[in-house]
Every structure is written in structure tokens, then in C-alpha cells.
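A.B. asks: Return atomic coordinates for the entry below.
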Amino acid sequence: MTANHAPTLGLIAVLAATSGFAADLPPVGPLPQPRPAVEAKAPPQGKPAIQGPPAPPKPEGPLKGTVLTPEAELVVTPESAEDHAACVSALATLGVAFTEEKRIDDGEGCGIDKPVSVSGLAGGIALQPAATMTCPAARAMAQWTRDSVVPAARAAFPDESLQSLETASAYVCRLRNNAERGKISEHARGNAVDISAFTLSSGKRVDIHPRREDSTLSGAFQRAVTAAACLYFTTVLDPESDAAHEKHLHLDVLARKGGYRYCR
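C.D. replies: From the prediction side, this is the model:
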């Protein structure tokens, strides 16, 4: 059959359908069938369906209302009994007035395994108010004061003697820079102390504030002791480092890889 017969077949099919003879004709072609419903595939056995990340838990305890970063260690760092005994012996040799305190654990990683409370340094120099910290932080402060602060004070103020160091903060359970979220502060681990002023025998105070352009002896003294602090502490932040440190020196003994120190 040639293509010229196609219109004739179509006409016959129409006439047959209208005249009742459609049942006697061969089918023109298969009728389309409805598409079967697609069933949703269940996740493979043993593999749960992917969900969004769970909401971070809200901290409880001393840091309630703040959000810690995942890097934050939420346990009190243990200290070696042998290392602590050697450190306490060094404090006594350095002439530090201190008492050993009970273990502190305030939760959220805040605390000190073997704290010491320091009230004075060699030569009758007072620490006001007394400060609680780890023994390594106390040892660094004692060495810095004896070997750098006292000589610098003697050079800058030859008719005076150093009477006290004023502490703005030592151990306190908080995040860095008192922020509401972020990493836990070294203050919360007892590794840090903030010094806000030095007092001389005449009553003169050398308050910590921005002094990089200060041409007085007080300015020279502050810059000298700040620079020297990096020999004893691993972190030194002065008033020019940021707004959170405009009125004190932040000093801490955070251990870093390769002995790296951050001083500014």
C-alpha cells in the first residue's frame, strides 16, 4: 500500500465509527495508557534522611547568655603535680607572697586545677587587689617585675621606689574581651592578669593608657615595661592594641605552637 491511500483509510475509519461498524475494523493503533504513580523512595536502610544542623545548645552556668565557639574546651585544664610543686618552689625563691587555693571549677571550661592567690612580690611590692591565677602566670609576673619593672622604675624615677602593681583583672569566668560569643578568655583559665597602674613610694601613680607618643618619663617607663613583658608572657596587649585594652596591660601565658608570642 502506498502513501496515497492514507487519506482514504482515515475516511473509512471515521465512517465506520459513525455507522456502527467500528468493531469489525482492525485497530488503528494502541491507545495511550495512564502514567503509573511514582512512589517516593524511602532512604536506604541504615542511612537516616539528611536533616539540617541542630541548633547550638544554650550555655548554662557562669557563661549563660553567651555562645562559645566549637574550639572552646569545656573542661578545666589539668596540671601536673610535679610541675606545680616545682613552680611553687620557684615562687618562694622569687619572694612572692602567695597561698595555694582549692581547685576551681565554675563550669563551661572556667577554672584552675591548682590555683594560687598572689598578694605581693619581691621587695615588699604589693599586688592590689590580690589576684588568683595559675602558678605559671604568677611566676611570669614575679620574674617580669623583679627583672624589668623594678629596674625601669629605678631608671625613670631615681628618687622613688616601686610600691605596688594594681590589678584590673585576674581569674574571672568570661569570654575574650567580655564578648557575648566567641572563644573563652585566658582569664577564665587563670592564665592571665591585667595591670592597670603602678604606684611609687611618693604616692605617684603611673596609670596605664595610650602612651606611644608620650615623651615624659612615665611614657618611657610604660613602653619599657610593656616591651619587656614579652620576654616572660606569651601574650602582651597594650592600650594601643584595641579599645578593650585602653586602660590596662593584658599579660597571659597561653601556650602556642613553636613558642610563638603575640605582643602588640
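A.B. asks: residues contacting Val193?
C.D. replies: Going by C-beta atoms under 8 Å, 6 or more residues apart in numbering, Val193 touches 131, 133, 137, 141, 167, 169-170, 251-252. (Each C-beta comes from the backbone N, C-alpha and C, glycine too.)
A.B. asks: do Leu94 as well
C.D. replies: 121-122, 139, 142-143, 146 are the contacts of Leu94 under C-beta under 8 Å, 6+ apart.
A.B. asks: got it, and Ala152?
C.D. replies: Contacts of Ala152 by C-beta under 8 Å, 6+ apart are 221, 224-225, 228.
A.B. asks: And for Trp144?
C.D. replies: So Trp144 contacts 225, 228-229, 231-233, 251 (C-beta under 8 Å, 6+ apart).
A.B. asks: which one among the residues you listed gets closest to Asp105?
C.D. replies: Using C-beta to C-beta, Leu251 is the member of the contacts of Trp144 that lies nearest Asp105, at 23.8 Å.
A.B. asks: so the closest one touches Ala192, yeah?
C.D. replies: Yes: Leu251 is within contact range of Ala192, at 6.6 Å (criterion: C-beta atoms under 8 Å).
A.B. asks: what residues are shared contacts of the two?
C.D. replies: 137, 235.
A.B. asks: What about the residue nearest the centre of the chain? Give its phi and psi, please.
C.D. replies: Of all residues in the chain, the one closest to the mean position by C-alpha atoms, centre = their mean is Lys183, 1.7 Å from it. Here is the backbone geometry of Lys183 (degrees, to the nearest 10): phi -90, psi 150.
A.B. asks: Isn't it up against Arg189?
C.D. replies: No: if you go by C-beta under 8 Å, Lys183 and Arg189 don't touch, sitting 11.0 Å apart.
A.B. asks: Pretty sure Leu127 sits against Val116.
C.D. replies: No: applying C-beta under 8 Å, one finds Leu127 not in contact with Val116, separated by 11.5 Å.
A.B. asks: re earlier: out of the contacts of Trp144, which sit inside helices?
C.D. replies: Using DSSP state H, 225, 228-229 are the members of the contacts of Trp144 that sit in helices.
A.B. asks: quick one: contacts for Ser201?
C.D. replies: 160-163.
A.B. asks: what's the neighbour count on Ala153?
C.D. replies: Ala153 has 23 neighbours, counted by other C-beta atoms under 10 Å.
A.B. asks: got the contact list for it?
C.D. replies: Going by C-beta under 8 Å, 6+ apart, the list of residues near Ala153 reads 160-162, 198, 200, 221.
A.B. asks: is the nearest residue to Phe157 once chain neighbours are set aside in a bridge, and if so with what?
C.D. replies: In space, not counting the residues next to it along the chain, Phe157 is nearest to Leu200; the distance is 5.8 Å by C-beta to C-beta, 6 or more residues apart in numbering. Going by DSSP bridges, Leu200 is paired in beta bridges with Leu162.
A.B. asks: My guess is Leu200 contacts Ala156. True?
C.D. replies: No: look at Leu200 against Ala156 with C-beta under 8 Å: they stay out of range, at 9.6 Å.
A.B. asks: hmm, back to that, pull out the buried residues from the ones in helices among the contacts of Trp144.
C.D. replies: Neighbour-count burial (16 or more other C-beta atoms under 10 Å) is assigned, among the ones in helices among the contacts of Trp144, to 225, 228-229.
A.B. asks: before we move on, back to that, where does the residue nearest to Phe157 land on pLDDT?
C.D. replies: pLDDT for Leu200: 98.
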